[in-house]
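Q: sharing a model prediction with you, sequence too.
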Amino acid sequence: MRTITTHKGCAKLAEVIFQDKRTEGSIKIEAIVYKVEKSQEYPQGQIYSFQTHKNGKTVLRYDNYNKHSDVRHHKHIGEEDTAPIQNPPEKQEQIPKTYEKFLKEVEKHQ
């Protein structure tokens, strides 16, 4: 367990339940999922972020921080565009499938 700071600046006690880092040429992929206490901010009890960068710029990112989008589970396409994630991970068991979907979508955006 470790303490993390959320986007709201709140400290939360969190456990890393999934993590992956890869570099393929100029493409950098990072994924992390934390298990946290359920709250209004994170009702599923998890904080996740799957990110892909190319030459330091966002290619694709999935996350569940809802203060920069109209929906909690969303994706960033490039630096500006956001869209809802279809079939988002509502439970911890769904994380691997969502990450697989993310990696397939990364291939489309390269």
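A: Thanks, I have it. Numbers count the residues shown, from 1 in each chain.

Q: can you identify each of the strands in this structure by residue range?
A: Using DSSP state E, the strands of the chain run over 2-5, 11-24, 27-35, 46-54, 57-63, 74-77, 81-84.

Q: what does the fifth one contact?
A: Okay, so that is strand 57-63. The contact list for strand 57-63 (C-beta atoms under 8 Å, 6 or more residues apart in numbering) reads 27, 48-53, 73-79, 85, 98, 102, 105-106, 109-110. In this view, the C-beta of every residue, glycine as well, is placed from N, C-alpha and C.

Q: now, of these, which are buried?
A: Applying 16 or more other C-beta atoms under 10 Å to the contacts of strand 57-63, the neighbour count classes 48, 50-53, 73-76, 85, 98, 102, 105-106 as buried.

Q: one step back: with respect to Lys91, which of the strands of the chain lies nearest?
A: strand 46-54 (8.5 Å; C-beta to C-beta).

Q: now do the closest one against strand 57-63, angle only.
A: 160 degrees (axes from the mean of the first three to the mean of the last three C-alpha atoms, to 10 degrees).

Q: now do the least confident helix or strand in the chain by mean pLDDT: which elements does it pack against?
A: The least trusted helix or strand in the chain, going by mean pLDDT, DSSP states H and E, turns out to be strand 2-5, with a mean of 71. The contact analysis (3 or more C-beta pairs under 8 Å, 6 or more residues apart in numbering; DSSP states H and E) places strand 2-5 against strand 11-24.
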